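Asks: sharing a sequence plus its predicted fold:
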Amino acid sequence: MPSCSEKSIICLLYYLSLKLISNPIALDNNIVQKEFEYLKERLKIEELESKEIRNLLEEISINIKYENWKHSLISMKKIFKKISPLNIHELFRLIKKVNNTAHTIKNKDIIFFLGGTGSGKSTTIHFLAGSKMIENKVTGLNHLSLVEINNPDLKHITTSPFARSETRYITSVKVNFDDVGGFTSESIILCDSPGFEDTSGPEVDIANGLGIVNGIKGCKSVKPVVIISYKSIGDRLQGLKDLMYVLSALIPGIQDQIEAFSYIFTKFPEKERDTIHALINDINENLKEEEKSDRSFTILLKDILKKTRKCARVLDPINDKPGKILDELAKSPAIHHPEEVFQFSITKKSKAILREQITKHQLNIRSATERSDYDFVKYRLDQLKHLNDLFSQDYIEQIYNDCLRYISRHLFEEYEKGILAMKRYLMNQTSLNAEDIRQYQACMYHAKLAKEVRENHLGMEVVDSTAFIENLNQQLNMILKDLREKDIADMSIKVSLDKLKIVSNTFLDIDSKKYDDICQFFIEKLDSLVDLFKISVSSNKFDQSAIHITKLYRAITVLQDHLDQKEIKVKYMQLKEYFLNYLNDSVGKLNPIFTQMKYIYEARRDVENLLKILFRREEKVNYDNLRKSLLNLKRVEWIEKYRTGIYSDVINKAEEQIIQHVKQLKDAVMEIKIDLENHDQIEHVYKLISQINAIKCMEKLVPDVIRDIDEINSWFKGVTNNIFVIIKDTFNIEKWKEHKYQSLDFNKLEKGLNYLDACKKIYLLFMSNCICVVNDLEEFIRYFSNYVQQEMKSYFKSIIYYQNENKKEIFEKAQILSSRLQELSEIKTKYSRVFSCFSNKKIIEQWQNDLCHYLIELSDEMEKITITKQINILNNKLIIVKALSTLDRFLKGEKFIDIYNKYQNIFFIEVNDAHKQIIDAIRNTDYERVAFEIVTLHSSNEIGEYFYQKAKRMINNGLNDLMEETKTQTIMLGNNIEIKGIKSIVENLKRIYRAQKSVSEHLNEPAELDKCVIDVKNFLEEQIIRFLEGVKALININDFCKVDEKLDLITVVCHLLGKYCTEKVLNSIKEVKHSQYIVLSKDLVEKYSNMDIRDYYLNPPTDIFAKFAQVNHTNPLYNEALIRIKNIIVTKLREELKQAILEEPPNLENNHIRRFESAVKCLPETMRIALEVELKHCKDDINQLIQDNNNKLNIIFRSEDLESTKTMLENYQNLKGMQSVVNNRQKRLNLYKLSIMKIR
C-alpha cells in the first residue's frame, strides 16, 4: 500500500489498539503523535478534510494528549468510515474465503440455510452436523452452548446469544448421514450464510452476494432451508419479509422454485410449537393491503401455510435427532441448475455503500492524478479493476473507464504543456534557465511515475516518458538545422549553443553527438573563413577582408564556451600578422606625385567654407555653388599622384560631410513619428524632406547620396501609404458588413481624416492614392450615417409595434437606440470632421422631434386603452413606454417615464382583478376560464408575473389535490364498485382532462396529469377485472341473478367511464359473457345430460330451476337453457317409466320405479305433479301386466299340461326376479308329478 491517509489510519488504529491491551508493548507516544501529524498532512493533500473530519481530528488530538486511547480509537474508526465507507481489504479477504468455500461445494448437492441475523442458522447447522449442546445463560441471555463438536468442518461456525451475526461468510460443512443417525446413504453439504441485512457490515453482505454467484451457482443442486425464529413471528414476520425481499432479488423467479423451499422454526417455547400454523394463518388473514400486494411475500407465506398444515418442523437442538431431520431434508425437492436460478444480489444499503466507495475511489484517483501521485493512483485503480472483474457491474466499469480517460487526458495535457513550453524556451532568443529545465524534467518524471499505471491499466498508446526525449530530439534537430544556416558571427548562435549544451548535459538520453557534431561544424566554418580572408587580401579586396576578420573576431565571443578559445585567438593573430606583412610590401611601391598645391588649397578652402555653412542650420546652403567648387577641384585630380591627400582629402571629406548631412537629416526625419497620432508632424517632416531633395544636384559628385535621398522619399511615401492602407482597410464598407457592423473607433476615424487632409497638401504624395482614400473614407462615413439612421428607424419601429414577444429584445433595442443617439451627440461635439461627412447633419434634432411626437401619441392611445380595460394591450404599451424611457435624456419637457408611472398603478389594479377571477375559476375547477384569464397575467410585467406565479402555484396545488383525491377514490372503491363512486372518479378525470387541455403549459410537471390518468385507468382496470373474476365465480356456481346484477352494473360503469374504460376491461367483459354463454348453452346442459337421476338428491334440479326462475325474463339464454334441461330431465324420467314397464316379470317395486320416485321429489312442483300422473299410469299398466301373467299361469296350471308348464317355467327361469315364482311353481309341479305316479 502506498503512502496515503488510509495507510496512516490503519497504522494509527494498530498503535491505538496496542495502547489499549492489558500488557501493552512498549510504544513511544511520540510515534503515535508523529503518525497522527502525518495523517493530518495526508488528509489535506488528498483533499479529504471535511468539517466533520476536522472536528474528529481535534477530538483525537486532545485524547492523544491526555492518553485517552479508547476514545481516540473510536474517533479514528469514525474517520476511517468517513473516508472509506467500505473496507476494501476486508471485502477482498472475505471474497477469498467465500471463493474457497465455492471451490469445496462445486458440483455438489448442498442444503443452503437462509435467515435473518440471530435466527439460529449456525446453531441449526451445528445440531444437524452432530454437535451436542446444553442450555445456559450468557450475560443474562438464554443460550445453547456447544459442549461437543464432532465435525472438524464446524470450527469456523460459531454461535452466540446476541443479536449480531457470528457468521461472516458462506461456510460449508460436510455431514455423513451415518454419523448423525440418518438412514440416507452417502453425505450432504450444509452451507451456513450470514444473516441478510447483516450486522457485521456491508463487506459481509457484498462478499456473500458474490459468494452466491460464484459458489451456489456452481453447485449441482441446492435445497434452500429458511430458518424462522420465534421473534420473527412475534414481529409479524417482519424478518421474513426482509428475507423475502432479498430472496426475490437472489432468485427472480421464486414462484417457480417454491416447492424446493423447506422451513425450520427455531427458538419456539414448547407451549407455542403446536400453534405455529395457526399463528401464521392469523397473520395471513390479517395482512394489510400493501402486504397483500407483495406477491413474493404472499407466495412464500402460502407455501409456509401449506407445509405447516400437518406439522411444522420445530427444532429442539437438545432433544431432537439430527438424522431424522436430515433424512427429511434429503428427500425434499431441490433446485437443479442453480446457475440459471440464482443471480448476484446485495441489499439496497450495501449497494449504496458500494456505489459511495466507488465514487470516493474516483475522486481519490482524480485528486492523486492532479498531484502526480501515481503510486496511489495505481493502488486505487488496481482495487477498482479488481472490483469490476469480481462484480461485472456496469456502473463500476463506467467509473473505472472514466478514471482511465481522466488520467490519459491529464498525462496528454501535461505532455502538451511541457513540450510547448520547452519549444518556446528553445526557439525564443532567450537563455534557457534551470527553472525551465526543472519544469520539463518534472513533466518527464510524472510520465515516468505513471509507467506502471500505463502498463497495467491505460495501455501503450498513452504518452510515455520517452515521448519527451523524442520531442527534445526533434526540437534539437530543428535548432541544429537553424545553426547550420546562420552566419558564424551571429550572436544568436551563442544562445542556441548554450541551450544545446545545457540540454545535452542535463538529459543523458539525448544523443550527445548532436552537440559535438555542431561544434565540429563551426570549427570547419572558422577554417573556411581564414581561407577566405587570405584570398580577399591577396586580391586587394580589403572591404571583404575587413568583413572576414571582423567575423572571426566576433566568433571569439560567440563560440568561447563551446570551442577552444585559444585556438580561435591564435588564428585571429595570424590573420592580423598576414595582413600587416602584405601592407608593408605595398608601401614601398608608392611615389610622391603632387608638386602644385596652391590652386588645390584655394579650391579646398572654398569647399571647406561651404561645408561649414552646411552644418550651420541657421543659414540656407547654396548647393549649386558647392557643386561648382567641387567640380573645379575635381579637374586637378591628377595631382593626387604627386601629393597624396591634397585632393582626395577634400573630395572625400566633402563627400563624407554631404553624405553625413543627408544621413543626419534622414535620421532626424525618420525619428519623427508620422502615424495617425501625429498627423500635425506631416508638414514639418515634408519641409525637411524638401531640403534633402535639394541635394539631388550633387548626384554626379556624390552618387552615394542619391540612395539616402531615394530612401527617405520612399520611406515617407511608404509610411504614408501604409497609413492610407490601414485607414482604407480599417474603414472598409464591405469588411464592416462582414464584421456585422461592429462599433467604430471615432477617435481613430477623426485622426484618419485629419491625417488625409494634411497629406492632400503635399505635392510628393499626389501620385499616391491619398485622394482616393479620402473619398473612400468620406463615403464610408456617409454609409455609416445612413446605416445608423436606418438601424435606428428599424429599432424604433420594432419597439413601437411590440406585441408581447421577446421582452428582453425590445429593451435591448431601446438601449441600442439610446446608445446610437448618445454616440451621434458625441460625434457631433468631439469629432466634428467625422460629423461633417454625415449625409444628414440634422439627424439628432429630427430624432428628438420624432420621440416627442410619439410620446404625445402614445399617451393618448394608453388613455383610450385604460377606458376599454384591455389589460394585455395596456401591459404591452407599458413595456414600450418603459423601454423608451431610456431615451428620456434626449427629450425636453414630459418624459416617457412619467407616462409609465401614471399607467402602472392602473395596470396593477386591473391585474389584481384578473388574479381574483383566476382564483375563483380555480376553486370552481373552471379551467377554461383559468386559461383565458391567466394569459393576461403571464404576458404582463413583473407585477403580473408575481400574480401569475401565485396563480400557477394554486393551479398546481389544486390539480395535485384533485389527482390525489381521484387516486384515493379509486383505491377506496375496493371490490365494491358503486355508480356514485365511479361518477365521482369520472367527473374528476374529466376535470383533469380539461386542465390538461387548457392549462398544461402552466404546470410544473404536465406529464403528471397523464401519469395520474394512466394510474387511475390501470387501477380501475385492476378493480373491474377483479370484480369480473368474482362474476365468473358466480357464473360457475350458477348464481345467475347476481351475475345479471353485476353485469348490468359493470355495463353502466363502462358507459360512465367512456374513453377511460380500457380495451382489456372490454375484452374481460366479453370473456365473462362468453363464459356465461358456455355455462348456459353447454356446461349446464351437459351436466344434466350426463347426470344420473339418482344424483338428483345431491344436486336437486329445483335449485337450478329456482335460479332460472329469478332471471327467466332477463335473457333468452336462460329460457333456452331451462327448456333444454327440463326436456333432458323429463326424457330421462320417462325413459325410467318405460324401462319399468318393460321389466320382466312386471313388478311395482322394481328399481326403475324407485329411481323415478326418488328423482321426481327433486323437481319443481309443476313438473313433479305432471310426472307423478305419468307414474300412476305406469303403475296401472304394470298392475295390468301382473294380472295378465297370473291369469296365464293359472290357466296353464289348471290345464295340467306338464309340457306347457315345463316350457313356461324354463322361460321364466332366466328372467331376473322370477326365480321365486319358478321355485314355487316347480314345487307344485313336482307334487303334481308325484300324484300321477301314485295313480299309475
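Replies: Nice, I can see it.
Asks: between the two ends of stretch 1147-1155, how far is it?
Replies: End-to-end span of stretch 1147-1155 (Cα to Cα, to the nearest Å): 14 Å.
Asks: list the buried ones in that stretch?
Replies: Neighbour-count burial for stretch 1147-1155, counted by 16 or more other Cβ atoms under 10 Å, picks out 1147, 1150, 1152-1153, 1155. For glycine as for every other residue, the C-beta is placed from the backbone atoms N, C-alpha and C.
Asks: what is the mean pLDDT for it?
Replies: Average pLDDT, stretch 1147-1155: 84.
Asks: distance between it and the chain's centre?
Replies: Between the centre of stretch 1147-1155 and the centre of its chain there are 88 Å (Cα atoms, centre = their mean, to the nearest Å).
Asks: in the host helix or strand of Lys360, what's buried?
Replies: Here Lys360 sits within helix 348-370, counting by DSSP states H and E. When burial is assessed from 16+ other Cβ under 10 Å, helix 348-370 yields the following buried residues: 350-351, 353-355, 357-358, 360-362, 364-369.
Asks: output stretch 1123-1140 as PDB, nothing but the C-alphas.
Replies: Taking Å, rounded to 0.1, in the frame of the first residue of the first chain, the C-alpha atoms of stretch 1123-1140 are listed here in PDB:
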ATOM      1  CA  ILE A1123     -86.200 -25.700 -21.600                       C
ATOM      2  CA  ARG A1124     -83.300 -27.900 -22.700                       C
ATOM      3  CA  ILE A1125     -82.600 -29.000 -19.100                       C
ATOM      4  CA  LYS A1126     -86.400 -29.600 -18.500                       C
ATOM      5  CA  ASN A1127     -86.600 -31.700 -21.700                       C
ATOM      6  CA  ILE A1128     -83.500 -33.700 -20.600                       C
ATOM      7  CA  ILE A1129     -84.900 -34.400 -17.200                       C
ATOM      8  CA  VAL A1130     -88.400 -35.300 -18.400                       C
ATOM      9  CA  THR A1131     -86.900 -37.600 -21.100                       C
ATOM     10  CA  LYS A1132     -84.700 -39.300 -18.500                       C
ATOM     11  CA  LEU A1133     -87.700 -39.900 -16.200                       C
ATOM     12  CA  ARG A1134     -90.000 -41.100 -18.900                       C
ATOM     13  CA  GLU A1135     -87.200 -43.500 -20.000                       C
ATOM     14  CA  GLU A1136     -87.300 -44.800 -16.500                       C
ATOM     15  CA  LEU A1137     -91.000 -45.400 -16.600                       C
ATOM     16  CA  LYS A1138     -90.600 -47.100 -20.000                       C
ATOM     17  CA  GLN A1139     -88.000 -49.400 -18.500                       C
ATOM     18  CA  ALA A1140     -90.200 -50.100 -15.500                       C
END
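Asks: contacts for it?
Replies: Residues from elsewhere that reach stretch 1123-1140, judged by Cβ atoms under 8 Å, 6 or more residues apart in numbering: 1084-1085, 1088-1089, 1093, 1101, 1104-1105, 1150, 1152-1153, 1155-1156, 1159-1160, 1163, 1167, 1171, 1174-1175, 1178, 1182.
Asks: before we move on, back to that, and the buried residues of stretch 1147-1155, which is closest to Glu413?
Replies: Arg1155 (103.0 Å; Cβ to Cβ).
Asks: is it true that that closest one touches Tyr1097?
Replies: No. The criterion here is Cβ atoms under 8 Å, and Arg1155 misses it with Tyr1097 at 10.6 Å.
Asks: give me the distance between His853 and Trp847.
Replies: Per Cβ to Cβ, to the nearest Å, His853 is found 11 Å from Trp847.
Asks: which one of these two is surrounded by more residues?
Replies: Set side by side, His853 and Trp847 show unequal neighbour counts under other Cβ atoms under 10 Å, the larger going to Trp847 at 20 against 10.
Asks: find the nearest non-adjacent residue to that one, please.
Replies: Leu821 (6.1 Å; Cβ to Cβ, 6 or more residues apart in numbering).
Asks: pretty sure the one you found is touching Gln846, no?
Replies: No. Counting by Cβ under 8 Å, Gln846 is not a contact partner of Leu821; they are 10.9 Å apart.
Asks: between those two, who's got more neighbours?
Replies: The neighbour count for Leu821 versus Gln846, taken as other Cβ under 10 Å, is higher for Leu821 (21 against 11).
Asks: so that one is in which element?
Replies: Judged by DSSP H and E, Leu821 forms part of helix 807-830.
Asks: contact partners of that helix?
Replies: If you take Cβ under 8 Å, 6+ apart as the criterion, helix 807-830 is touched by 746-747, 750, 788, 791-792, 795-796, 798-799, 802, 834-835, 838, 843-844, 847, 879-880, 882-884, 886-887, 889-890.
Asks: buried members of those residues into PyMOL, please.
Replies: Selection command for PyMOL covering only the buried members of those, criterion 16+ other Cβ under 10 Å:
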select buried, resi 746+750+788+792+795+796+799+802+834+835+838+843+844+847+879+880+882+883+884+886+887+890
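Asks: got any ranges where the stretch 101-250 of the chain has weak pLDDT?
Replies: 138-143, 156, 158-169, 195-200, 232-241 (pLDDT under 70).
Asks: quick check: mean pLDDT across the strand or helix carrying Glu987?
Replies: Assigned by DSSP H and E, Glu987 belongs to helix 979-999. Throughout helix 979-999, pLDDT has a mean value of 81.
Asks: after that helix comes which helix or strand?
Replies: Sequence-wise, the next helix or strand downstream of helix 979-999 (DSSP H and E) is helix 1007-1036.
Asks: for that next one, buried residues please.
Replies: Quick answer for helix 1007-1036 (16+ other Cβ under 10 Å): 1008-1009, 1012-1013, 1016-1017, 1019-1021, 1023-1025, 1027-1028, 1031, 1034-1035.
Asks: likewise stretch 1054-1073?
Replies: Of the residues in stretch 1054-1073, 1054, 1057, 1060-1062, 1065, 1068-1069, 1072-1073 count as buried by neighbour count, 16+ other Cβ under 10 Å.
Asks: likewise stretch 433-445?
Replies: For stretch 433-445, by 16+ other Cβ under 10 Å, it's 436-437, 440, 443-444.
Asks: show me the two of these that sit farthest apart.
Replies: Between all members of these, the farthest pair (by Cβ to Cβ) comes out as Asp436 and Met444, at 13.0 Å.
Asks: residue ranges in the stretch 701-850 of the chain under the pLDDT threshold?
Replies: Residues of the stretch 701-850 of the chain that meet the cut-off, pLDDT under 70, sit at 701-704, 763-768.
Asks: what about the helices in it?
Replies: All helices of the stretch 701-850 of the chain, identified by DSSP state H, counting those that start in this stretch, fall at 704-730, 733-738, 746-760, 770-800, 807-830, 832-835, 843-868.
Asks: closest one to Ile992 among those helices?
Replies: Going by Cβ to Cβ, the one of these nearest Ile992 is helix 807-830, 32.3 Å.
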